[in-house]
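> Based on what follows, work out the 3D shape:
(2 chains)
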Amino acid sequence: MHPHRTVGGQLSNDDLGVMQKIVSLCKRRGFLFQSSEIYGGMNGCWDYGPLGVELKRNVKEAWWADMVTHHDDISTPEGASEAFEMTGLDCSILMHPQVWKCSGHHDLFHDMMVDCKESKRRYRHDQVRGRWALRGDDRIFVTAVCEPDEEHEVLTARAQKYFGLRAKDRDQISWDGVVVSLESVSDFSEVFGPDAKEPGTLTEPREFNLMFKTHMGALLDEASVAYLRPETAQGIFVNFKNVVDSSRVRIPFGIAQIGKSFRNEITPRNFTFRVREFEQMEVEFFCHPDSSHHWYGYWRDRRMKWYQELGLSGDNLILREHDADELSHYSTGTADIEYAFPFLPKGEFGELEGIAHRGDFDLRSHMEGKLNPASRPLEVELGEDGKPVHRGSGKDLSYRDPVTNEKYIPHVIEPSAGADRAALAFLCEAYTEDMAPDENGKMQGRVVLKFHPRIAPIKAAVFPLVKKDGMPECAQEIYRDLKRDLPVFYDNKGAVGRRYRRMDEAGTPYCLTIDGQTLEDGTVTLRERDSMEQTRLPVDEAAQAIREAVRS
RNA sequence: GCGGGUGUAGCUUAGUGGUAAAGCACCAGCCUUCCAAGCUGGCUAUGUGGGUUCGAUUCCCAUCACCCGCUCCA
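Below is the predicted model of the structure:
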C-alpha cells in the first residue's frame, strides 16, 4: 500500500489548497474529526462525524450489497466463466497468535531496525550485511545493503574508504571470515555503517512492531500475548473449512468480510489515507487452480468497474498491474486500483484496493506451517533444526469437488479494499467549486460535493419555501413520510437559497420545496444538486425519482 | 525515527510583552413565494505543560497534533 510514483512530481500549491479545503470542509460539516481532539489529538486516528459516518456506511453497504447480498449466484455474471456463490463472515479481531505466524505477518511485521545517527537512514537489522576487514592492527566490520552479486565489490569499496586507501592499494585489505549479517555483531562501535563516514554511528537494534500487541486476560506475561489483526483476510482463511462445511457452498465461491484492522504504521500521513486503525472490505475468492488466472482477471475488472460506477470515472482512477518483479513468487498476478488523491504530487496515485492472485499460499500455510514465499514450488519454511519455523494447524483445508470427486487445495483471488480510503476518494472526487447565481442573478462561488446518490449521506432535504401559510406543516408531513425509507433532512430556517447551498456542501443530491401551490395541488419542486434545475411534479413522483436515483 | 514548517472562535484570517480584531458560519427574533451576503441581538479562541517576567497569545524549553521532505509501508 503505497503511493505509486509514475512521474516524479511536486505537489502544487493548488493541490495543497484543494486538500486543505477538503479537510476544512470535513471538519466544518462533520465528516471527519481528529481523534481525541480535545486532548490534543491522536496521531493517525480520525473520527467520522454525523455526515462522515453516513458516507462511510454507504460505501460499506454498497460494497456488501454488490458483493454479497445482491449477488446473483444463479446466472453467469458478465465476464465470468460460470455462476458462483458469495457469502459473508465477521471474524473476531483477536485471533490465535499462531495465525499471524503462519500468515507471515509475525515475521514481516516484527523487524529489528537499526538507525544511522549520521546518515539518518534506517535499516532492517537482518538486511545489513558485512564482513570483518583488517589492515594492520585496524579491524572494522564494514557493512552494506545491496544485491548479493555486488556485495563483495561494495564491501571492498567501503573498506577502502574506511582505511583511506587508493583503489590500487586494495590488496592491503584482508578479510576475516565470510559475509555475515549484522546480527552476528555485538559491539556496534566497531561497525562501519552502510552510508556512514565514520564507524559507530549505528544505534542498537530496536524492535519495530507493526502489529498492535495486547494481552488476553488480565495477566500480562509472554504467554498471554495477542495481536489486533493487521488484516481481515486471515479470519476468512482460518474459517474456510467452517464455511464449506456449514453452508453448502461449492467452489468457485467467495467469502466477504468488512472490519477494522490495525497496523502500527511508522508514519501515519495524509489525512485518513494512512492511519493506524482502518477498515477493510475484503473478499477471498476460492477457485480451482486451473481457472485461477481467469478469476483473477474477472475480479480485477469487476472491482475497477465498481469504483467507476460509484463516481470515480475519470482519469483520477487507474488500474495498475504489478510488474513481474513486484509480484510475490507464488502470485501470478496482482493489480492495484489507485486514485490520484489531491494530497499526492501530480502523476502519483494512492492505492484504494489490491487484487491479488495468492495461489494456495494461505490455505497451505495454515495447514502445513508457514511456507517460504521465496520457494518454488512453495515449501514449508524450515529453521536450522530442520523443523518448520512456524507450525501450521495440521488440519486438512483441501476441498473435495462433490461432482468430479477431485481433491485439491483451492487457489485464492483476494480483492482487498480500504473502506476509509474509498470514502476519502469519493470525498475528494466529489469536491467541486463552481459558480451559481444569487438572488440578483449575480454569479457567486459555490462549494458542492457531487456524491453519487447511493453514497450521499443525506439523500434529500425537505424545505417549506417560507415559514408560514401552512407550508411548514405540509413539508413536515412529507418529510416524515420520506424518512421512513430514506435519510432525509428538514430545514425551514432562512432564505431557501441558503438552504440549497448548505445541502450542496453536504452533498445532498435532491431538495424538495413545498410552496403555496403544494397546498392546492400536491406538487412540489424537485431541485437537483449538480445542475440546480428545478422540476415541478407531484410529491409521490418526486419521492420515486429520489428512490430510483439512490438505487441506481 | 530524522529534518523543515504550522498551531489564535466551528471555518478563514488579523494582531500585540499590558482589555485579542474581523469576515463568514452558527443561534434567537424580524423580514422573506425558489438559489448564500436585509435588519436586530447573541455565543464562541491564543493546542498542552513548564520557564523567564510585575505581567506571556507574543520570548525560551518541552510536549502533542497537522502539513512538507526523508525513512517505512508484507
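> which ones are touching the residue most central in space within chain A?
Centroid check for chain A by Cα atoms, centre = their mean gives residue A:418 as the closest residue, at 3.1 Å. Taking Cβ atoms under 8 Å, 6 or more residues apart in numbering, we find residue A:418 in contact with A:1, A:278-281, A:351-353. The C-beta positions use only the backbone N, C-alpha and C, and glycine is treated the same way.
> And it, its phi and psi?
phi -100, psi 120 (degrees, to the nearest 10).
> I'd like the distance between it and RNA strand B.
10 Å (Cβ to the nearest atom of the strand, to the nearest Å).
> try residue A:356
On the measure of Cβ to the nearest atom of the strand, residue A:356 and RNA strand B end up 9 Å apart.
> Partner strands of whichever strand or helix holds that residue, with direction?
Here residue A:356, judged by DSSP states H and E, is contained in strand A:348-359. Paired strands of strand A:348-359, with direction, are strand A:4-5 (antiparallel), strand A:334-339 (antiparallel), strand A:411-418 (antiparallel) (DSSP bridges).
> Any idea how many residues pack against residue A:140?
Residue A:140 is flanked by 20 other residues according to other Cβ atoms under 10 Å.
> residues in contact with it?
Listed by Cβ under 8 Å, 6+ apart, the contact partners of residue A:140 are A:132-133, A:159, A:162, A:190-192, A:199.
> Next, count neighbours for whichever residue of the stretch 301-450 of chain A sits closest to RNA strand B.
Distances between the stretch 301-450 of chain A and RNA strand B by Cβ to the nearest atom of the strand are smallest at residue A:438, namely 2.3 Å. Using other Cβ under 10 Å, residue A:438 has 11 other residues around it.
> Give the helix, strand or coil label for the closest residue to it other than its chain neighbours.
In this structure, residue A:438 finds its nearest non-sequential neighbour in residue A:444, 4.9 Å apart by Cβ to Cβ, 6 or more residues apart in numbering. What DSSP: H, G, I helix; E, B strand; the rest coil gives for residue A:444 is strand.
> is it true that residue A:444 touches residue A:437?
Yes. Taking contacts as Cβ atoms under 8 Å, residue A:444 lies within contact range of residue A:437: 7.2 Å.
> Count the neighbours of residue A:49 for me.
When counting by other Cβ under 10 Å, one arrives at 18 neighbours for residue A:49.
> Does residue A:511 belong to a helix, a strand or coil?
Assigned by three-state DSSP, the conformation of residue A:511 is strand.
> gap between it and RNA strand B?
To RNA strand B, residue A:511 is 8 Å away according to Cβ to the nearest atom of the strand.
> do residue A:291 as well
24 Å.
> Can you classify that residue by secondary structure?
Under three-state DSSP, residue A:291 comes out as helix.
> before we move on, what about residue A:366?
Applying three-state DSSP: residue A:366 is helix.
> per-residue pLDDT, it?
We have a pLDDT of 96 for residue A:366.
> ok, now residue A:254?
97.
> Apart from its neighbours in sequence, what residue is nearest residue A:315?
Excluding its sequence neighbours, the residue lying closest to residue A:315 (Cβ to Cβ, 6+ apart) is residue A:340, at 7.5 Å.
> Return the residues in contact with the one you found.
Contacts of residue A:340 by Cβ under 8 Å, 6+ apart are A:315-318, A:348-350.
> one more time with 10 Å
Residues in contact with residue A:340, defined by Cβ atoms under 10 Å, 6 or more residues apart in numbering, are A:3, A:6, A:15, A:312, A:314-318, A:346-350, A:425, A:428-429.
> Show only the entries of these found in strands.
Secondary structure from DSSP state E places A:317-318, A:348-350 of the contacts of residue A:340 in strands.
> now, the most widely separated pair of those?
The span of those, defined through Cβ to Cβ, is set by A:317 and A:348 at 13.4 Å.
> So for those two, which residues contact both of them?
In contact with both residue A:317 and residue A:348: A:338, A:340, using Cβ under 10 Å, 6+ apart.
> hmm, back to that, now the buried members of the contacts of residue A:140.
Neighbour-count burial (16 or more other Cβ atoms under 10 Å) applied to these gives A:132-133, A:159, A:162, A:191-192, A:199.
> returning to that earlier point: in this structure the residue of the stretch 301-450 of chain A closest to RNA strand B contacts residue A:500, no?
No. With contact defined as Cβ atoms under 10 Å, residue A:438 does not reach residue A:500; the gap is 11.2 Å.
> joint contacts of those two?
Common neighbours of residue A:438 and residue A:500 (Cβ under 10 Å, 6+ apart) are residue A:446.
> Give me the below-cutoff pLDDT ranges for the stretch 201-350 of chain A.
Applying pLDDT under 70 to the stretch 201-350 of chain A picks out residues A:207, A:329.
> Distance of residue A:346 relative to residue A:315?
For residue A:346, the distance to residue A:315 equals 12 Å [Cβ to Cβ, to the nearest Å].
> which of these two has more neighbours?
residue A:346 (14 against 6).
> domain ranges for chain A?
A:4-93+A:229-360+A:410-425, A:110-208, A:458-551 (automatic domain parsing).
> re the thing from before, for residue A:249, which of the strands paired with strand A:348-359 is the nearest?
Among the strands paired with strand A:348-359, strand A:411-418 sits nearest to residue A:249 (Cβ to Cβ), with 14.3 Å.
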